[in-house]
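In: Below is the sequence, then the predicted model.
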Amino acid sequence: MKKIKIIVIVLFMIIGSCNDSSFDPPIELYYTFSGVKLQNIDNAGEYPVIIENENVVILKEAYGIRVSLNYELLSDSNDNVVKNNFIKNFSFSNKLYATRCDDYPYPYERIIFKDTIINIKVFALNDFDNDFIANSDVTELFKIYDFRKYISIDEYIKKHSISLGYHYQAKENIESIIDLYLMKPPTFTGEHSFRVEVLLSDGKIFSAITPLINLEWKWK
(Lines give C-alpha, C1' and ligand atoms only; values in the text may rest on other atoms or scores of the structure.)
Protein backbone atom coordinates (compact mmCIF):
# COMPACT_ATOMS: atom_id res chain seq x y z
CA MET A 1 0.00 0.00 0.00
CA LYS A 2 2.88 2.32 0.85
CA LYS A 3 4.50 1.67 -2.55
CA ILE A 4 1.26 2.56 -4.31
CA LYS A 5 1.06 5.89 -2.43
CA ILE A 6 4.65 6.71 -3.40
CA ILE A 7 3.94 5.96 -7.09
CA VAL A 8 0.83 8.18 -7.03
CA ILE A 9 2.79 11.05 -5.43
CA VAL A 10 5.55 10.75 -8.03
CA LEU A 11 3.02 10.81 -10.88
CA PHE A 12 1.41 13.96 -9.53
CA MET A 13 4.83 15.57 -9.21
CA ILE A 14 5.48 14.76 -12.86
CA ILE A 15 2.12 16.13 -13.91
CA GLY A 16 2.65 19.31 -11.92
CA SER A 17 6.16 19.90 -13.22
CA CYS A 18 4.73 22.09 -16.01
CA ASN A 19 2.33 24.86 -15.08
CA ASP A 20 -0.68 25.94 -17.13
CA SER A 21 1.31 28.80 -18.65
CA SER A 22 3.10 26.24 -20.85
CA PHE A 23 -0.14 25.64 -22.76
CA ASP A 24 -1.37 27.91 -25.49
CA PRO A 25 -5.12 28.69 -25.64
CA PRO A 26 -7.19 26.82 -28.23
CA ILE A 27 -6.71 28.02 -31.79
CA GLU A 28 -9.99 29.47 -33.01
CA LEU A 29 -10.80 28.71 -36.62
CA TYR A 30 -13.55 30.70 -38.33
CA TYR A 31 -15.73 29.01 -40.95
CA THR A 32 -18.48 30.31 -43.21
CA PHE A 33 -21.23 28.39 -44.97
CA SER A 34 -20.29 27.97 -48.63
CA GLY A 35 -22.96 25.80 -50.26
CA VAL A 36 -25.23 22.77 -50.29
CA LYS A 37 -25.14 19.55 -52.33
CA LEU A 38 -28.01 17.06 -52.72
CA GLN A 39 -28.12 13.33 -53.51
CA ASN A 40 -31.03 10.90 -53.72
CA ILE A 41 -31.29 8.04 -51.21
CA ASP A 42 -32.76 4.57 -51.74
CA ASN A 43 -33.82 3.35 -48.29
CA ALA A 44 -35.50 0.10 -49.39
CA GLY A 45 -32.74 -2.20 -48.18
CA GLU A 46 -31.10 -2.86 -44.83
CA TYR A 47 -28.95 0.26 -45.21
CA PRO A 48 -29.57 3.52 -47.13
CA VAL A 49 -27.92 3.66 -50.57
CA ILE A 50 -26.83 6.88 -52.25
CA ILE A 51 -28.00 7.08 -55.88
CA GLU A 52 -25.41 8.73 -58.12
CA ASN A 53 -27.30 8.68 -61.45
CA GLU A 54 -30.48 10.34 -62.72
CA ASN A 55 -33.74 8.64 -63.71
CA VAL A 56 -33.18 5.71 -61.36
CA VAL A 57 -36.32 3.96 -60.08
CA ILE A 58 -36.84 4.00 -56.31
CA LEU A 59 -39.72 2.54 -54.36
CA LYS A 60 -41.76 5.63 -53.45
CA GLU A 61 -42.08 4.51 -49.80
CA ALA A 62 -38.28 4.34 -49.50
CA TYR A 63 -37.10 7.75 -50.73
CA GLY A 64 -34.73 10.14 -49.03
CA ILE A 65 -32.46 13.13 -49.70
CA ARG A 66 -28.86 13.44 -48.51
CA VAL A 67 -28.07 17.08 -47.76
CA SER A 68 -24.35 17.89 -47.65
CA LEU A 69 -23.68 21.22 -45.91
CA ASN A 70 -20.35 22.73 -46.89
CA TYR A 71 -18.25 25.15 -44.84
CA GLU A 72 -15.16 27.09 -45.95
CA LEU A 73 -12.31 28.13 -43.69
CA LEU A 74 -11.95 31.90 -43.33
CA SER A 75 -9.17 32.64 -40.84
CA ASP A 76 -7.69 31.81 -37.45
CA SER A 77 -7.72 33.75 -34.17
CA ASN A 78 -5.17 36.22 -35.56
CA ASP A 79 -7.11 36.80 -38.81
CA ASN A 80 -4.54 34.79 -40.73
CA VAL A 81 -5.85 32.49 -43.44
CA VAL A 82 -5.28 28.91 -42.32
CA LYS A 83 -4.65 26.07 -44.77
CA ASN A 84 -3.58 22.49 -44.14
CA ASN A 85 -3.06 23.15 -40.45
CA PHE A 86 -3.03 19.94 -38.41
CA ILE A 87 -3.04 19.94 -34.61
CA LYS A 88 -2.33 16.88 -32.47
CA ASN A 89 -5.05 15.56 -30.20
CA PHE A 90 -4.63 16.48 -26.53
CA SER A 91 -5.72 13.88 -23.99
CA PHE A 92 -5.24 13.19 -20.28
CA SER A 93 -3.13 10.11 -21.04
CA ASN A 94 -0.67 12.18 -23.08
CA LYS A 95 -0.35 14.64 -20.22
CA LEU A 96 0.08 11.87 -17.65
CA TYR A 97 3.11 10.33 -19.34
CA ALA A 98 4.84 13.57 -20.36
CA THR A 99 8.13 14.13 -18.59
CA ARG A 100 9.11 17.50 -20.03
CA CYS A 101 7.10 20.60 -20.91
CA ASP A 102 8.00 20.27 -24.58
CA ASP A 103 6.59 16.72 -24.57
CA TYR A 104 3.07 18.10 -24.35
CA PRO A 105 1.01 18.00 -27.53
CA TYR A 106 -0.32 21.18 -29.11
CA PRO A 107 -3.68 22.53 -27.98
CA TYR A 108 -6.85 21.59 -29.81
CA GLU A 109 -8.61 23.79 -32.30
CA ARG A 110 -11.98 25.37 -31.67
CA ILE A 111 -14.26 25.75 -34.68
CA ILE A 112 -16.47 28.85 -34.77
CA PHE A 113 -19.13 29.44 -37.41
CA LYS A 114 -19.50 33.02 -38.67
CA ASP A 115 -23.02 32.24 -39.87
CA THR A 116 -25.43 29.58 -38.63
CA ILE A 117 -28.22 27.63 -40.30
CA ILE A 118 -31.62 28.59 -38.92
CA ASN A 119 -33.93 26.78 -41.34
CA ILE A 120 -34.05 24.11 -44.05
CA LYS A 121 -36.98 23.91 -46.47
CA VAL A 122 -37.89 21.26 -49.07
CA PHE A 123 -40.01 22.02 -52.15
CA ALA A 124 -41.51 19.49 -54.58
CA LEU A 125 -40.83 20.57 -58.17
CA ASN A 126 -43.44 18.14 -59.54
CA ASP A 127 -47.05 17.48 -58.55
CA PHE A 128 -46.80 15.37 -55.41
CA ASP A 129 -50.46 14.74 -54.56
CA ASN A 130 -53.73 16.68 -54.56
CA ASP A 131 -52.60 18.76 -51.58
CA PHE A 132 -49.05 19.44 -52.73
CA ILE A 133 -48.82 20.50 -56.36
CA ALA A 134 -45.61 21.51 -58.14
CA ASN A 135 -43.44 24.02 -56.22
CA SER A 136 -45.25 23.32 -52.92
CA ASP A 137 -43.42 23.39 -49.59
CA VAL A 138 -43.23 19.73 -48.51
CA THR A 139 -40.82 20.17 -45.59
CA GLU A 140 -43.35 18.66 -43.18
CA LEU A 141 -43.31 15.38 -45.15
CA PHE A 142 -39.62 14.77 -44.40
CA LYS A 143 -38.03 13.73 -41.12
CA ILE A 144 -34.54 12.96 -39.81
CA TYR A 145 -33.57 9.75 -38.02
CA ASP A 146 -31.93 10.97 -34.82
CA PHE A 147 -31.01 8.75 -31.88
CA ARG A 148 -33.36 5.89 -32.78
CA LYS A 149 -36.37 8.04 -33.63
CA TYR A 150 -37.60 10.28 -36.44
CA ILE A 151 -37.89 13.99 -35.72
CA SER A 152 -38.87 16.99 -37.83
CA ILE A 153 -36.27 19.08 -39.63
CA ASP A 154 -37.12 22.09 -37.45
CA GLU A 155 -36.70 20.06 -34.27
CA TYR A 156 -33.37 18.71 -35.48
CA ILE A 157 -32.00 22.20 -36.21
CA LYS A 158 -33.10 23.50 -32.81
CA LYS A 159 -31.56 20.48 -31.11
CA HIS A 160 -28.21 20.39 -32.89
CA SER A 161 -27.87 23.91 -34.33
CA ILE A 162 -26.03 22.26 -37.27
CA SER A 163 -22.87 22.61 -35.19
CA LEU A 164 -19.75 20.53 -35.73
CA GLY A 165 -18.42 21.31 -32.25
CA TYR A 166 -14.77 20.78 -31.43
CA HIS A 167 -12.28 19.22 -33.82
CA TYR A 168 -8.69 18.18 -33.34
CA GLN A 169 -7.79 18.24 -37.01
CA ALA A 170 -8.39 21.40 -39.02
CA LYS A 171 -9.33 21.26 -42.68
CA GLU A 172 -9.73 23.94 -45.27
CA ASN A 173 -13.26 22.72 -45.97
CA ILE A 174 -15.76 20.93 -43.72
CA GLU A 175 -18.81 18.95 -44.75
CA SER A 176 -21.77 18.08 -42.53
CA ILE A 177 -24.34 15.53 -43.73
CA ILE A 178 -28.06 15.32 -42.93
CA ASP A 179 -30.32 12.60 -44.36
CA LEU A 180 -33.97 13.55 -44.90
CA TYR A 181 -36.45 10.68 -45.22
CA LEU A 182 -39.82 11.03 -46.95
CA MET A 183 -42.49 9.89 -44.48
CA LYS A 184 -45.47 10.19 -46.83
CA PRO A 185 -45.07 8.77 -50.37
CA PRO A 186 -46.43 10.74 -53.34
CA THR A 187 -49.78 9.90 -54.88
CA PHE A 188 -48.44 10.73 -58.32
CA THR A 189 -45.73 8.28 -59.32
CA GLY A 190 -43.10 8.84 -61.99
CA GLU A 191 -40.49 11.58 -62.27
CA HIS A 192 -39.85 13.72 -59.22
CA SER A 193 -37.32 16.31 -58.18
CA PHE A 194 -36.94 18.42 -55.04
CA ARG A 195 -35.36 21.75 -54.19
CA VAL A 196 -33.77 22.26 -50.77
CA GLU A 197 -33.24 25.76 -49.41
CA VAL A 198 -30.87 26.53 -46.53
CA LEU A 199 -31.55 29.81 -44.69
CA LEU A 200 -28.63 31.41 -42.82
CA SER A 201 -28.64 33.72 -39.81
CA ASP A 202 -27.45 36.63 -41.98
CA GLY A 203 -30.46 36.27 -44.29
CA LYS A 204 -28.68 34.53 -47.17
CA ILE A 205 -30.35 31.54 -48.81
CA PHE A 206 -28.47 28.70 -50.51
CA SER A 207 -30.38 26.17 -52.60
CA ALA A 208 -29.83 23.06 -54.69
CA ILE A 209 -31.99 20.64 -56.69
CA THR A 210 -31.91 16.85 -56.46
CA PRO A 211 -31.15 14.78 -59.56
CA LEU A 212 -34.32 13.60 -61.32
CA ILE A 213 -35.66 10.38 -59.78
CA ASN A 214 -38.51 7.98 -60.59
CA LEU A 215 -40.70 7.15 -57.59
CA GLU A 216 -42.81 4.07 -58.30
CA TRP A 217 -45.08 1.57 -56.55
CA LYS A 218 -42.71 -1.28 -57.29
CA TRP A 219 -39.48 -2.02 -59.09
CA LYS A 220 -39.64 -1.95 -62.86
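Out: Received it, and whenever you're ready, just let me know what you need. Numbering: from 1, shown residues only.
In: For the lengthiest strand in the chain, list every residue counted as buried.
Out: Among the elements of the chain assigned as strand by DSSP state E, the one spanning the most residues is strand 27-42. Across strand 27-42, burial judged by 16 or more other CB atoms under 10 Å covers 27, 29-31, 33, 36, 38-42. Where you see a C-beta, it was placed from the backbone N, CA and C, and this is true even at glycine.
In: Is it possible to get a markdown table of those that adds distance to N135 and pLDDT?
Out: Putting the buried residues of strand 27-42 into a markdown table (distance: CB to CB, whole Å; pLDDT from 0 to 100) gives the following:
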| residue | distance to N135 | pLDDT |
| --- | --- | --- |
| I27 | 45 | 78 |
| L29 | 39 | 84 |
| Y30 | 36 | 87 |
| Y31 | 32 | 89 |
| F33 | 24 | 92 |
| V36 | 19 | 96 |
| L38 | 17 | 97 |
| Q39 | 21 | 97 |
| N40 | 19 | 97 |
| I41 | 22 | 97 |
| D42 | 25 | 96 |
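In: Which one of the residues you listed is nearest to I50?
Out: Q39 (5.2 Å; CB to CB).
In: ok, the closest one - contacts?
Out: The neighbours of Q39, taking CB atoms under 8 Å, 6 or more residues apart in numbering as the test, are 50-52, 65-66, 68, 210-211.
In: rerun at 6 Å
Out: 50, 66 (CB atoms under 6 Å, 6 or more residues apart in numbering).
In: Show me what it is bridged to.
Out: Using DSSP bridges, the beta-bridge partners of Q39 come out as R66.
In: where's it relative to K158, distance?
Out: Shown here: Q39 relative to K158, a distance of 25 Å by CB to CB, to the nearest Å.
In: need the next SSE after the lowest-mean-pLDDT helix or strand in the chain, C-terminal direction.
Out: Across the helices and strands of the chain, mean pLDDT, DSSP states H and E gives its lowest value to helix 92-96, namely a mean of 30. Reading on from helix 92-96 to the C-terminus, the next helix or strand found by DSSP states H and E is strand 109-113.
In: any idea of the mean pLDDT for that next one?
Out: When pLDDT is averaged along strand 109-113, the result is 79.
In: Buried residues, that strand. List them.
Out: 109, 111, 113.
In: Can you check what angle separates that strand from strand 27-42?
Out: 60 degrees (axes from the mean of the first three to the mean of the last three CA atoms, to 10 degrees).
In: same for strand 109-113, what does it pack against?
Out: Packed against strand 109-113 by the contact rule (3 or more CB pairs under 6 Å, 6 or more residues apart in numbering; DSSP states H and E) you find strand 27-42.
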